[in-house]
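K.L.:
no FASTA, just this:
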């Protein structure tokens, strides 16, 4: 199946987490290369490596990246694995949900990256109020883009995103919700608050988790504890 259409829009929340002095970035799923282009404007000396599964997107990304691998990151070549050993940041901007086994990807990744490397990921939130509302009416229709993009293979909530990282070798430094102002959003969030209260769930947590359209994760590799006898 053809991947989601590439655009010149990049995830601003992920971008804002990138310091201006990074030496090397590996972005998995570069699309049009929009984030590479934007970051090169503030740090032209960065070694920006892209990974694309789509040949057309690889060509687009090559306009801005230093090099782009045409590979499936779920089965990376030794050349690509070598790239990870000295990188400062790895970016998965709306990518992990397209993988069959993102758990194994992160677990393997933790074996290759340096201890100071950070992983930034943006992941759609399947707990969003719009999906909850549609489920009440039996709706779960795939679309060409958005939360139920038909190319999405896995679905996550905030709690399962935490498990995804923490059970596979990473410590989450922060999770940033991306909240957009959709029509009637306040009305539906109030319904969810009332339902959470009736079900003895935390209403504040229920609202916060339902309001986030995407969740941006900033994580780092767990450092093994060395015991001195």
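P.N.:
That came through, no problem. Every value quoted in this text rests on a predicted model; they were computed, and no experiment measured them.
K.L.:
Outside of the longest helix along the chain itself, list whatever touches it.
P.N.:
In the chain, taking DSSP state H as the definition, the longest helix is helix 185-198. Here helix 185-198 makes contact (CB atoms under 8 Å, 6 or more residues apart in numbering) with 129-130, 132-133, 202-203, 205-207, 210-211. Just so you know, the C-beta spots here come from the backbone N, C-alpha and C atoms, and that holds for glycine as well.
K.L.:
Can you say which of those are buried?
P.N.:
129-130, 132-133, 203, 206, 210-211 (16 or more other CB atoms under 10 Å).
K.L.:
Please identify the one among the residues you listed that lies nearest to residue 74.
P.N.:
residue 130 (29.1 Å; CB to CB).
K.L.:
can you list the weak-confidence ranges in this structure?
P.N.:
1-6, 224-229 (pLDDT under 70).
K.L.:
ok, back up a step: including secondary structure and distance to residue 112, could the contacts of helix 185-198 go into TSV?
P.N.:
Formatted as TSV, the contacts of helix 185-198 follow (DSSP: H, G, I helix; E, B strand; the rest coil; distance: CB to CB, whole Å):
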residue	secondary structure	distance to residue 112
129	helix	38
130	helix	37
132	helix	38
133	helix	41
202	coil	38
203	helix	42
205	helix	35
206	helix	38
207	helix	39
210	helix	36
211	helix	35
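K.L.:
can I get those in JSON lines with distance to residue 108?
P.N.:
Formatted as JSON lines, these follow (distance: CB to CB, whole Å):
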{"residue": "129", "distance to residue 108": "34"}
{"residue": "130", "distance to residue 108": "34"}
{"residue": "132", "distance to residue 108": "33"}
{"residue": "133", "distance to residue 108": "37"}
{"residue": "202", "distance to residue 108": "35"}
{"residue": "203", "distance to residue 108": "39"}
{"residue": "205", "distance to residue 108": "32"}
{"residue": "206", "distance to residue 108": "34"}
{"residue": "207", "distance to residue 108": "36"}
{"residue": "210", "distance to residue 108": "33"}
{"residue": "211", "distance to residue 108": "33"}
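K.L.:
which SS state does residue 145 fall under?
P.N.:
Classification of residue 145 using DSSP: H, G, I helix; E, B strand; the rest coil returns coil.
K.L.:
Please apply the same query to residue 135.
P.N.:
Here residue 135 is recorded as helix under three-state DSSP.
K.L.:
isn't residue 105 right next to residue 97, touching?
P.N.:
No - Residue 105 is not in contact with residue 97 according to CB atoms under 8 Å; the separation is 11.6 Å.
K.L.:
Tell me how far the residue nearest to residue 223 when sequence neighbours are not counted lies from residue 24.
P.N.:
Closest residue to residue 223 apart from its sequence neighbours, by CB to CB, 6 or more residues apart in numbering: residue 115 at 5.7 Å. According to CB to CB, to the nearest Å, residue 115 and residue 24 sit 15 Å apart.
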